[in-house]
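Student: prediction below, plus the sequence it came from.
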Amino acid sequence: MNENDYKIVEAMSKYGGRFVRMLAELARHADNSNLQKIKSTWQEYWLEYEKTISEYEKIINESKNEK
């Protein structure tokens, strides 16, 4: 799992509903092949939480630049 995948899984675990949190838990234990299956089968969730972390990181960076 790369750093971006890890961040997505963390966001899914923190902000997702019960099903999405379970997907995050499965992703944590998956080998690369099964992680790819999770990402492709539930791509809409993966993309949603990828967007969530991108927006969150943007807010954090803007906050740092204001100081």
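Tutor: Sure thing, it's come through. Residues are numbered from 1 along each chain as shown.
Student: what ranges of the chain fall below the confidence cut-off?
Tutor: Residue ranges of the chain with pLDDT under 70: 59-67.
Student: in it, which spans are helices?
Tutor: Here the chain has its helices, by DSSP state H, at 3-15, 18-29, 32-41, 43-66.
Student: pick the most buried one from those helices.
Tutor: Among the helices of the chain, helix 3-15 has the highest mean neighbour count (mean count of other CB atoms under 10 Å), at a mean of 17. (Glycine included, C-beta is placed from N, CA and C.)
Student: please save the CA atoms from that helix in PDB.
Tutor: Taking Å, rounded to 0.1, in the frame of the first residue of the first chain, the C-alpha atoms of helix 3-15 are listed here in PDB:
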ATOM      1  CA  GLU A   3       1.200   6.600   1.100                       C
ATOM      2  CA  ASN A   4      -1.800   7.800  -0.900                       C
ATOM      3  CA  ASP A   5      -3.700   4.500  -0.400                       C
ATOM      4  CA  TYR A   6      -2.900   4.700   3.300                       C
ATOM      5  CA  LYS A   7      -4.300   8.200   3.600                       C
ATOM      6  CA  ILE A   8      -7.500   7.100   1.700                       C
ATOM      7  CA  VAL A   9      -7.900   4.100   4.000                       C
ATOM      8  CA  GLU A  10      -7.500   6.300   7.000                       C
ATOM      9  CA  ALA A  11     -10.100   8.700   5.700                       C
ATOM     10  CA  MET A  12     -12.500   5.800   5.000                       C
ATOM     11  CA  SER A  13     -12.000   4.500   8.500                       C
ATOM     12  CA  LYS A  14     -12.500   7.900  10.100                       C
ATOM     13  CA  TYR A  15     -15.400   9.300   8.000                       C
END
